[in-house]
Structure formats: C-alpha cells, structure tokens
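Novice: predicted coordinates and the sequence they were generated for:
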Amino acid sequence: MKPFRAAGGFAALLALAPLSARPAEPTQNVLTYHADAARSGNFVIPGLTDERARAVHPDTGFKASIDGHIYAQPLFWRGPGGNGAGNGLLLVAIESNNVYALDGASGKTVWQRALGRPASRGALPCGNIDPLGITGAPAIDAQGAALYLDAMVQTGTGPSHQLFGLSLRDGSVLPGWPIDVAGALRQQGLEFDARNQNERGALLVMGDSVYVPYGGHYGDCARYHGWVVGAKLAGDHALTSWHVPAQAGGIWAPAGISSDGTSLYVATGNTMDTRQWAAGEAVIRLPPDLKFSGAPRDYFAPSDWRALDDRDADLGGVAPVEFSAGGMKLVLTLGKDGKAYLMDRGNLGGIGGALAQAEVSPRAIRTAVAVYPLGDAAAIAFEGAGSSCPAGSAGKGLTVLKITGKPPAITTAWCAAVDGRGAPIVTTTDGRSDPIVWMLGAEGDDRLYAFRGDNGEKLFASAPLKGLRHFETLIATPQRLYIAGDNAVYAFAF
C-alpha cells in the first residue's frame, strides 16, 4: 500500500444499482461514498445544466466551524422527520475523531460527537497522517437513521480500531457500539494487529451489515493484511471477515468496497514474501457472508502480478466499479501500473482473464473514478494524465475513458487540464443527460473545476480553496455542492 441497509423501496434500488439506462430520481441523500454502492460518482441533480454550472458561486450564507484535518468524503441526510428533514444534515468526520452534523443551508452545527483521542504518528509503525482518527468515508443506514464509521482510538493499551454506530438524530452512540475490531476477531481465533492496520477506504452498508476495508499505513511497514470486516447492524453485531492470506495486499483505495447489490468487490494491493498468487494485486468478489470461493470467476489478477508486486505497482489504489455498456455487465479497475482492466461481471476471469486492458496513463493511478453513460458506451473519469489524449485536448490532469462492451474496448474520450489530485464526480440531470464532470485540484492549485462530460469543454473554475487533501472529492445535492477541507467546509450554490 502507498499514500496512504439501504432504505426500502426505490431509494434502496438507487443506492445499490450500477450504471444503467434508467431515468433516475434526484439525489436527495448522499448515503455512501460517490453517491451509490457501485461507487459510480453519478449525482442526479435535475437543475444543474451547463449554463448553471458556469454560474456556480460560493454560498456566502453557509458558514461552518470545523477544527481538524479531513480526508473522508462528507455525507448528506434529509430524513423523513426530525433533524435533517428541513435543510438536511451535512455529516463531516475528521481525523481528530470528531463528527459534525451541520445544517445544510447555514452550516450551523446541529450536533457534534467526540469519539476518543486519535492515535499520534509516534504510536504507529509508519504513516503520513497525524493524528490518525477517522479517515475512511462513513456510511449511512437510511432505514435505521444511523451513521457508521471506523475510528482509530488511542487507548491505554495502544491504538485500537473502534467501529461506531451513531444516531443521526443527535449523534449519540447506539446500543452495543463501538466494537473493538481486534478484540472481536481475537474471540474468533483471528489475529488483527490494530496498530499495523489502517482504515483508508469507504465503508459500505448493504443488507443487514456494515462492511469495512483495511490495509496498512503509508510506507508498507510492519505486518498487515488486506481485510474486509462485516458487522451486523442489529442484535449482538456479530462479525464476519475475510483477509488476504499473504502478507500485505491492503485494501486502501478511497472508494473502499463497491457492490452491484448482490456481491462485494475490492481491489487488493501488493503482497510480500510470496511466490504463489495469494489474493494480492487483484479484484476480489465476495458474497455478503465474506466466504471467498477462490474460483477464477470470483477474482481477477494481471498475468504479471508478481512483477507488479516487486515494483509496488499494485491495483489497490482504485476500487472496482460496476456498470453496464453495450448490454454487458462489466467491472473496471485502474492500477498503479497506469493500466485499465475491464472484466466480465459474470466471470472475472482469474489470472490474466480480463476482457480488455490498456495503458491509459504514464503514471500511477490512485483515485476514485466517476462513471456515466456516453451513448451506448460508458465514460470513466479519473485523476491522472492520459496516455492517448485526442488531438486538441486541453491538457493533462483529468482523463475520461470510453468503455464499450461489444466488442470490449478501452479508448480515451478526452483529457482536461487540472492541477491537483482530487477524485472526480459527475452530475447528470436524469442519470444520463447533461453530464458534467467535477474535480478538485487538491494539493495542487486547490480549485474546483467543471467540464462538459461529452467533450471536455471547461465550464467553471473557482478561486483556490484552502485545506484540500489528496484524493479529496465533493458531493452534490439539489441545492448545493459541498467540499470538506482542513478546518473548513465550503458550499457552492447554482
């Protein structure tokens, strides 16, 4: 590793559905990372056309008071009653282990919850986040009106991964939470060294469980494994788990775990001290009980996985995304080797079994993607310089791929100039129409950019925003765009 129950009815379908030919209902709630369980990053905002994107402006009536470093994507909740029913709640979780619920219109703090002292860098074997508290994006269970997150808490015996459930009504800790992950796994005879494990990727609520991915710290130090841990939302919150058998193989991409509504998908990083493939450098499909079949249909790894191990050029930096194109159900991931790998969702293909692969960037790709329809094809937007940008493209920093299903193929649609390392999203007016790709120049020029999704025309660029961290992404709601940075939260109106 380097750098580092859905609601019932239609809301549940929308939260879990991959990209398809649907007119979609507007995005009222942002329950999970990049809008849905497939991590498409497609936010359905009917009023956000090209013209309105050109006129986006800071909402001067929104003033939020936040104190701490922010890596996690915020969430948005407008519940059926009580808090969040009016302006909605913007949920922001930070590295100091504080969670804020902000009024969606004013930014005023509705409630705040402190979850314990975070771990200092000195208490960890390596890393580049100090202090280390809440890093992976939380997830909301709409039916239970609850927020779930993993916090690294400094206890009397050392750093501990604590899995929390909080009421969205007032931020109170729900009965039976938090769960000490290492302690609960130890009772099952499993070794999970909390000090060596980091939780960078987004959590996922699916069915009756919340799922959490784990990797290691920046620097690939000490002994760790890639883990997926599931906890039941009700009852005694019993844990299920799966981990990479070999050392390392971290699951650390910002989007964490993705889902097509039936299965879970993760990308694993480089493994160490193994000459036989042992679930590293791979896309792994897991059932809800996390019992990995081991069959080639349920995993993919590049044929040169061992060389990628040796170069630390792993697949772990980008979570898989599930979508459809040309009538085919597909999975795609991007690697630190600069390649895109396209898989058949019905059969991932085992070692070397991709439908198509292509070098799409001359440098390592570490990001989360945005997916949207482009005619009968699908478009994949990612942060990074393109290897094959069409003539006349405006520059490098944001690349959009065109994915076809019949025949399976990966080409570059357009590239644009963005200085920074944010993760793009897309807004559409109905799930398909008027796509606009948005991206932050995080740790670069720190601006918010907007481009037409069909041809890459630049529509908007903001003034610099302070405090943006790498991999930072934004969210879209029918009234505003929200961006969380260190000690600041920004709202843009359209």
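Specialist: Ah, there it is.
Novice: report the separation between Ala38 and Ser209.
Specialist: Relative to Ser209, Ala38 is positioned 18 Å away (Cβ to Cβ, to the nearest Å). C-betas here are computed from N, CA, C, even on glycine.
Novice: quick one: Arg311 and Ala105, what's the gap?
Specialist: 49 Å.
Novice: any chance you could map the helices in the stretch 301-450 of the chain?
Specialist: 305-311 (DSSP state H, counting those that start in this stretch).
Novice: wait, the stretch 1-150 of the chain
Specialist: Under DSSP H, counting those that start in this stretch, the stretch 1-150 of the chain gives helices at 9-16, 50-54.
Novice: show me the contact partners of the shortest one.
Specialist: Translated: helix 50-54. By Cβ atoms under 8 Å, 6 or more residues apart in numbering, the residues outside helix 50-54 that reach it are Thr427, Asp434, Ile436, Ala450, Arg452, Leu459, Phe460, Phe494.
Novice: go again using 6 Å as the cut-off
Specialist: Ile436, Ala450, Leu459, Phe460, Phe494 (Cβ atoms under 6 Å, 6 or more residues apart in numbering).
Novice: tell me which of those is nearest to Asn87?
Specialist: Phe494 (16.4 Å; Cβ to Cβ).
Novice: which non-adjacent residue is nearest Gly422?
Specialist: Nearest residue to Gly422, sequence neighbours excluded (Cβ to Cβ, 6 or more residues apart in numbering): Leu440, at 3.1 Å.
Novice: typo on my end, Gly456
Specialist: Trp414 (3.6 Å).
Novice: now do the same contact list for Lys458.
Specialist: Phe451.
Novice: before we move on, the earlier item: of the helices of the stretch 1-150 of the chain, which shows the lowest average pLDDT?
Specialist: For the helices of the stretch 1-150 of the chain, mean pLDDT drops lowest on helix 9-16, to a mean of 37.
Novice: and the residue nearest to Gly422, how many neighbours does it have?
Specialist: By the criterion of other Cβ atoms under 10 Å, Leu440 has 30 neighbours.
Novice: try Lys63
Specialist: Neighbours of Lys63 (other Cβ under 10 Å): 12.
Novice: was I right to think it contacts Gly107?
Specialist: Yes - proximity of Lys63 to Gly107 meets the contact threshold set by Cβ atoms under 6 Å, at 4.7 Å.
Novice: pick out the residue nearest the middle of the chain.
Specialist: Ala255 (1.9 Å; Cα atoms, centre = their mean).
Novice: who touches that one in this structure?
Specialist: Taking Cβ under 6 Å, 6+ apart, one finds Tyr33, His34, Arg39, Ala202, Ala319, Ala368 in contact with Ala255.
Novice: in TSV, list these along with pLDDT.
Specialist: Shown next, in TSV, are these (pLDDT from 0 to 100):
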residue	pLDDT
Tyr33	98
His34	98
Arg39	98
Ala202	98
Ala319	98
Ala368	97
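Novice: could you dump those residues into CSV and include neighbour count and distance to Arg78?
Specialist: Listed next are the contacts of Ala255 as CSV, based on neighbours: other Cβ atoms under 10 Å; distance: Cβ to Cβ, whole Å:
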residue, neighbour count, distance to Arg78
Tyr33, 30, 18
His34, 31, 19
Arg39, 31, 22
Ala202, 27, 20
Ala319, 29, 26
Ala368, 31, 24
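Novice: can you list the low-confidence ranges for this structure?
Specialist: For the chain, the stretches flagged by pLDDT under 70 are 1-23, 81-85, 394.
Novice: between Arg311 and Ala105, point out the one with more neighbours.
Specialist: Just comparing Arg311 and Ala105: by other Cβ under 10 Å the higher neighbour count belongs to Ala105, 16 against 13.
Novice: can you report how many residues lie near the closest residue in space to the more buried one that isn't next to it in sequence?
Specialist: Once flanking residues are discounted, Ala105 sits nearest to Asn87: 3.9 Å by Cβ to Cβ, 6+ apart. For Asn87, the neighbour count with other Cβ under 10 Å is 17.
Novice: OK, contacts around Asn87?
Specialist: Asn87 neighbours (Cβ under 6 Å, 6+ apart): Asp103, Gly104, Ala105.
Novice: now do Leu468
Specialist: Per Cβ under 6 Å, 6+ apart, neighbours of Leu468: Leu440, Ala442, Asp446, Gly485.
Novice: one more: Val44?
Specialist: Ala24, Pro26, Thr27, Thr428, Gly431.
Novice: now that we have those residues, which of them are buried?
Specialist: Ala24, Thr27, Thr428, Gly431 (16 or more other Cβ atoms under 10 Å).
Novice: just the strands from the stretch 351-494 of the chain, written as ranges.
Specialist: With strands called from DSSP state E, counting those that start in this stretch, the stretch 351-494 of the chain shows them at 356-359, 370-374, 377-384, 397-405, 408-417, 425-428, 436-440, 448-452, 458-461, 475-476, 480-485, 488-493.
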